[in-house]
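A.B. asks: the following block contains a protein sequence and its predicted model.
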Amino acid sequence: MYLPGRSLFSAALLLSCIIQAVYSFSSANNGNNVRPSLHQQLLPPRLTISNVKSHTSLLQTVRRPSSSSLSAVEGDFDPDAINRSVTEIQSGSLKARFRALYKFTRPHTIRGTILASIAGTVRALVDTPGAIANADWGFMLPRAAIGMVALLLGNAFIVGINQIFDRDIDVMNKPFLPVASGEMSVGVAWGTVLFSGIVGPGIV
């Protein structure tokens, strides 16, 4: 006889409960160890001091940044490396200043901007009949490069404004960002943002 899917599920669940109850009753009468119930099997393991220590050490091992990953300067927070960078900037190191400026532009957003720009341009050329064959590449490529620089400056303007106004929040959530970590002062950040906001639109 045909039963709806819900009825079949209810019947299977009822049968499983009956079998579990019979098994538990027979095991108890025979003096054997009672098999853990389904509810007990679904419970998480008991939390002990040793488990906490092992999980804590594992998390510390996973989250500890390596010296090689610090070269990516995006998303890695090493207090010692940050302190060294701040000290180098205060001592006048140009390399440290450029590294802080690079971090300020949020490199992962730069990659996204470049990829989106190239993909949009290629799609427009492909969808326009004769655009590729009749294109004046000597004129278009320099204009495309200028447009890409303008987009990157606009990107720096956006992420820079965000870091300036969210400084207090980033100190807690993203302490690796240059404004939050002290690698870049708020004044320098404002100067970078204003430069990007003025030069970006001005070159296109």
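C.D. replies: In hand now; what should we look at?
A.B. asks: now do stretch 104-112, average pLDDT.
C.D. replies: The pLDDT scores in stretch 104-112 average 89.
A.B. asks: keeping just the C-alphas, turn it into CSV.
C.D. replies: Extracted as CSV, the C-alpha positions of stretch 104-112 are listed here (Å, rounded to 0.1, in the frame of the first residue of the first chain):
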residue,chain,number,x,y,z
PHE,A,104,46.8,51.0,3.6
THR,A,105,45.6,50.3,0.1
ARG,A,106,44.4,46.8,1.1
PRO,A,107,46.1,44.7,-1.6
HIS,A,108,43.3,42.1,-1.9
THR,A,109,40.9,44.8,-3.0
ILE,A,110,43.4,46.0,-5.6
ARG,A,111,43.5,42.6,-7.1
GLY,A,112,39.7,42.5,-7.3
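A.B. asks: contact partners for the nearest residue in space to Pro178 that is not next to it in sequence?
C.D. replies: Counting by CB to CB, 6 or more residues apart in numbering, Pro178 lies nearest to Met184, which is 3.9 Å off, once chain neighbours are set aside. Backbone N, C-alpha and C define where each C-beta goes, glycine included. Going by CB atoms under 8 Å, 6 or more residues apart in numbering, Met184 touches Ile89, Ala100, Leu101, Phe104, Pro178, Thr192.
A.B. asks: show me where pLDDT drops low in this protein?
C.D. replies: 1-77 (pLDDT under 70).
A.B. asks: which residues in it form helices?
C.D. replies: 5-30, 38-42, 49-63, 79-90, 94-104, 107-127, 137-165, 167-173, 178-181, 186-202 (DSSP state H).
A.B. asks: any idea how far the residue nearest to Pro178 lies from Trp190?
C.D. replies: Using CB to CB, to the nearest Å, Met184 is found at 10 Å from Trp190.
A.B. asks: same check, this time on Gly120
C.D. replies: 31 Å.
A.B. asks: so which of the two has more stuff around it?
C.D. replies: Taking neighbours as other CB atoms under 10 Å, Gly120 and Trp190 compare with Trp190 leading, 14 against 10.
A.B. asks: unless I'm mixing things up, that one is touching Gln163, no?
C.D. replies: No. Using CB atoms under 8 Å, Trp190 makes no contact with Gln163, being 10.6 Å away.
A.B. asks: thought Pro175 was touching Asn83?
C.D. replies: No. Applying CB under 8 Å as the test, Pro175 and Asn83 come out as separate, 11.5 Å apart.
A.B. asks: need the overlap of contacts for those two.
C.D. replies: With CB under 8 Å, 6+ apart, Pro175 and Asn83 have no common neighbours.
A.B. asks: not counting its neighbours along the chain, what's nearest Glu88?
C.D. replies: Ala96 (3.8 Å).
A.B. asks: give me the neighbour count for the one you found.
C.D. replies: 18.
A.B. asks: now Asp168
C.D. replies: Number of residues near Asp168 (other CB under 10 Å) recorded here: 8.
A.B. asks: again, but for the one 5 residues further on
C.D. replies: If you count neighbours by other CB under 10 Å, Asn173 ends up with 9.
A.B. asks: please consider this matter closed, and thank you.
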